[in-house]
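> Sequence below, structure please.
(2 chains)
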Amino acid sequence: MKEKKEDKVLRDIFRQKLGNAEVVPSPSVRTDLLHRLERREFMHFNPARFNIWYACGIIAAGVAAAIILFSNPEKKDKISPDYSPVGTGKIIATDNQSLKLTEPEDEGKLADDFHGTKKQTNNRSEISSEIFHDNKTAKDNTEQNKGIPERTEAAGSLDNDRLIPEVIAEKNKLRNVKEVECLISASVSEGCIPLKVKFINKALGYDSCRWTFGDGGYSEERNPEWIFDVEGEYEVSLKLFGPDRIEKVYAYVINVYPKPVARFEIIPEDAILPDDEISFNNFSTGAVKFRWYFGDSNTSELFAPRHHYSKFWNYSVSLVAYSEQGCTDTLIISDAFTGSGYYIEFPNAFIPNPEGPSNGYYSSKTDESAHVFHPAFSGVSEYQLRIFSKRGVLIFESNDINIGWDGYYKGQISEQGVYIWKVRGKFINREPFTKMGDVILLKK
Amino acid sequence: MMSDQQIITGCAKHDRKAQQVLYDKYSRFLLGVCMRYATDKAEAEDILQDSFLKIYFNIKDFSGTGSFIGWLRKVAVNTAITHYHKNLKFRYYVEIEEFTSAETGVTSFEEDFFTSDELFKVLNELPAGYRMVFNLYAVEGYKHKEIAEMLSIDTNTSKSQYSRAKAVIREKLNKLRKLKSNYSDRE
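Coordinates of the predicted model:
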């Protein structure tokens, strides 16, 4: 009960003090609110607030509606291009006599639709001859088109009245047949080798077809895919065969561009990073533009750039070569600086300086007389050299590759003879090495 | 001065003047409500703005029965709850699982000892979940079941959060009282 009472006190404090407490909002709240309100109200249409913006909106909507309405009829007139192959495409061969009768098999088909099957043969021959007389060459598309609707109209009225709307539709399509650009199309008309092209045959109403691709290849598929692997300009043609081996030819030109070849070489071959400046020799062919990726996020567009890496790493260098037509070739040399050029080698003899210890400091220039036992090396990052006497006593140790053994032990020049050395460490590509051997200490 | 009824009809017609009068008349009261549900004044003012937008666009839904001010408060509370849910996605806080107050049972508070500013501050400092439940239960007077529905939590969660909120508030008030009495002693 006590808990309850306390609760009530607590609740009452907050309820009485804060239940109706008033806090004055900052002035900016009011202005912000008004802006937001205006924006929101603008989005909510309200006739009471009709203003210039609504008026503009209505006008814009009206104009848009008008444009759509007036542009529509034209669209309706356009026919879908896959209707029939009547007089379209580029007709490139005219040696075949049958070509002059442009659409016999299709007409036959139309005739089938409009006449009973009994009349079929009779009808076809009639039409064929009619067209043969009217149109001497296939180029005469207009006349040819005229001829067909006339016939269909006649046929339609003769036969089934119920077919008339369809007849009119067909007629309209035929009239617009000229608008069909080409009966064959390709996924691409130009590109780089190897160029894969998908050809589409939009023609209807033929018995068989044969595509020839201009590179000696052919296909009898309706929509074949072809890969051009040699550069050149190819005239791809499609022959359509009707019932009487009547053929029509359509052509399409495919341009296949050569690919450039990206080639380069890294100099020096056994480069030590980051010390060496690297040259990139460019042997690319057929390219006009280059882009280099050095692998350390630096790039270059020079023909043969030089680059200085800031630290060791197994960078992958790539070169993208661009041809004039925009074809590309990429060569990637991955792990270009594997560190194959790193080495550490020790001599097999040395002659300590009899004049006293040198503490092992040497440089390859000053130590021509081989006073200090030290390695020849490249790309060493960690190093430990130990030298033992033949009895196994450790007489010298160095963790600094720049300090070798001067032949002294505890201030005394060592005995002439054979000493054992052992070295372990790592190259800067993190590859460890361990070597052991012997060295002859000579005295002058 | 417009009456509430005039304001309501004006606002329903999106009359700018009525909207401003409504704001001037009730913004301080509603910010007081919002302050209880927010961590600071800026957040409270955000909630206030959203509340007013809701009020302006939904004022025609106010039936006219019941008090107008009660309806306004309800809109503000609902907006605060929406805000809480929105922020829940971005806020990650670990609930204090076991809160043991060192001074349980000692406390009973004199009502006028704390100013409303101090009480606001106590509420603002509460974890958001505690603050919601405490406000809805203690100040607004909703039942735990209703609160659970509003916040889409379990009824038991509402209850336990309320008791934890009380413990935290009590401790805060005790500290505050000590501070205040020390201060007045020195004076």
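> where does chain B dip in pLDDT?
Across chain B, the ranges flagged by pLDDT under 70 are B:1, B:89-112, B:183-187.
> near chain A, which residues of it show up?
Within chain B, the positions lying close to chain A (Cβ under 8 Å from any Cβ of the partner chain) are B:13-14, B:19-20, B:23, B:27-29, B:31-32, B:35-36, B:41, B:44-45, B:48-49, B:52-53, B:56-57, B:105, B:107-109, B:111, B:114-116, B:119-120, B:123, B:134, B:138-139, B:141, B:166, B:169-170. The way it works is simple: take the backbone N, C-alpha and C, and place the C-beta from them, glycine included.
> And the residue nearest in space to the middle of chain B, its phi and psi?
Ranked by distance to the mean C-alpha position of chain B (Cα atoms, centre = their mean), the top residue is residue B:36 at 3.1 Å. Backbone torsions of residue B:36, given as degrees, to the nearest 10, read phi -70, psi -20.
> what residues are up against it?
Applying Cβ atoms under 8 Å, 6 or more residues apart in numbering or on different chains, we find residue B:36 in contact with A:18, B:120, B:123, B:131, B:135, B:139.
> Any regions of chain A where pLDDT drops low?
Applying pLDDT under 70 to chain A flags the ranges A:1-4, A:44-51, A:72-182, A:339-340, A:364-368.
> Tell me where it has helices.
In chain A, the helices defined using DSSP state H lie at A:2-18, A:27-43, A:52-77, A:104-114, A:120-134, A:141-158, A:164-175.
> May I have the beta-bridge partners of the most centrally placed residue in chain A?
Note on chain A: the residue nearest the mean C-alpha position is residue A:328, at 10.2 Å, using Cα atoms, centre = their mean. Taking DSSP bridges as the rule, residue A:328 bridges to residue A:322.
> roughly how far apart are it and chain B?
Between residue A:328 and chain B the distance is 45 Å, computed by Cβ to the nearest Cβ, to the nearest Å.
> ditto for residue A:242
69 Å.
> Please name every helix or strand in contact with the top helix by length along chain B.
In chain B, with assignment by DSSP H, the single longest helix is helix B:155-186. Helix B:155-186 is packed against helix A:2-18, helix B:116-125, helix B:128-134, helix B:144-151, with contacts defined by 3 or more Cβ pairs under 8 Å, 6 or more residues apart in numbering or on different chains; DSSP states H and E.
> What are the buried residues along the first one?
If you call a residue buried by 16 or more other Cβ atoms under 10 Å in any protein chain shown, then helix A:2-18 has these buried ones: A:6, A:10, A:11, A:13, A:14, A:17, A:18.
> quick one: the second one and residue B:166 touch, right?
When you say that, I think you mean residue A:10. Yes. Contact status for residue A:10 versus residue B:166: in contact at 6.2 Å, counting by Cβ atoms under 8 Å.
> Now for residue B:26, which secondary structure element holds it?
According to DSSP states H and E, residue B:26 maps onto helix B:16-37.
> tell me how far that helix is from the chain's mean position?
Here helix B:16-37 is found 14 Å from its chain centre; the criterion is Cα atoms, centre = their mean, to the nearest Å.
> And the next helix or strand past it?
By DSSP H and E, the next helix or strand past helix B:16-37 is helix B:41-58.
> quick one: contacts of that following helix?
Residues contacting helix B:41-58 (Cβ under 8 Å, 6+ apart): A:23, A:25-26, A:29, A:32-33, A:36-37, A:40, A:44, B:11, B:14, B:19, B:22-23, B:27, B:30-31, B:34-35, B:37-38, B:72, B:75-76, B:78-80, B:82-83.
> Please pick the buried ones from these.
Buried among those by 16+ other Cβ under 10 Å: A:23, A:25, A:29, A:33, A:37, B:11, B:14, B:19, B:22-23, B:27, B:30-31, B:34-35, B:37-38, B:72, B:75-76, B:79-80, B:83.
> For chain B, what's its nearest residue on the stretch 151-300 of chain A.
At 34.4 Å from chain B, residue A:297 is the closest residue in the stretch 151-300 of chain A, using Cβ to the nearest Cβ.
> That residue: what's it in contact with?
Residues near residue A:297 by Cβ under 8 Å, 6+ apart: none.
> same thing with residue B:123?
A:14, A:18, B:35, B:36, B:131, B:134, B:135, B:169.
> Could you measure from it over to residue B:132?
From residue B:123 across to residue B:132, the span is 10 Å (Cβ to Cβ, to the nearest Å).
> what do you get for residue A:354?
Distance, residue A:354 to residue B:132, using Cβ to Cβ: 93 Å.
> More neighbours: which of the two?
Using other Cβ atoms under 10 Å in any protein chain shown as the criterion, residue A:354 and residue B:132 rank with residue B:132 on top: 26 against 10.
> and the nearest residue to the more buried one once chain neighbours are set aside, what element?
Closest residue in space to residue B:132, ignoring its immediate chain neighbours: residue B:84 at 5.5 Å, by Cβ to Cβ, 6 or more residues apart in numbering or on different chains. Residue B:84 belongs to helix B:68-90 when elements are defined using DSSP H and E.
> which outside residues touch that helix?
B:4, B:8, B:26, B:29-30, B:33-34, B:37-38, B:43, B:46-48, B:50-51, B:54-55, B:58, B:62, B:128, B:132, B:135-136, B:140, B:150-152.
> That helix vs helix B:144-151, what angle?
Here the directions of helix B:68-90 and helix B:144-151 differ by 60 degrees (axes from the mean of the first three to the mean of the last three Cα atoms, to 10 degrees).
> Next, the angle from helix B:68-90 to helix B:41-58.
Calculated by the same axes, to 10 degrees, helix B:68-90 forms an angle of 120 degrees with helix B:41-58.
> relative to helix B:16-37, how tilted is helix B:68-90?
Interaxial angle of helix B:68-90 relative to helix B:16-37 (the same axes, to 10 degrees): 60 degrees.
> Now do helix B:68-90: distance to the chain's middle.
The chain centre lies 9 Å from the centre of helix B:68-90; the measure is Cα atoms, centre = their mean.
> swap in stretch B:45-62?
On Cα atoms, centre = their mean, the centre of stretch B:45-62 falls 16 Å from that of its chain.
> For burial, what's the neighbour tally of residue 65?
Unless you meant another one, I'm taking chain A. Neighbours of residue A:65 under the rule other Cβ under 10 Å: 10.
> You answered for a different chain; I wanted chain B.
By other Cβ under 10 Å, the residues close to residue B:65 number 6.
> Show the backbone phi and psi for it.
For residue B:65, the backbone dihedrals (degrees, to the nearest 10) come out as phi -90, psi 150.
> For residue B:71, see how far away it is.
Applying Cβ to Cβ to residue B:65 and residue B:71 gives a distance of 10 Å.
> what's the answer for residue A:16, then?
In terms of Cβ to Cβ, residue A:16 sits 22 Å off from residue B:71.
> One more: residue B:13?
18 Å.
> more crowded one of the two?
Legend: neighbour count by other Cβ under 10 Å for residue B:13 and residue B:71, higher for residue B:71 (19 against 14).
> wait, does stretch A:25-32 contact chain B?
Yes. Figure legend: stretch A:25-32 in contact with chain B (Cβ under 8 Å from any Cβ); contacting residues A:25, A:26, A:29, A:30, A:32.
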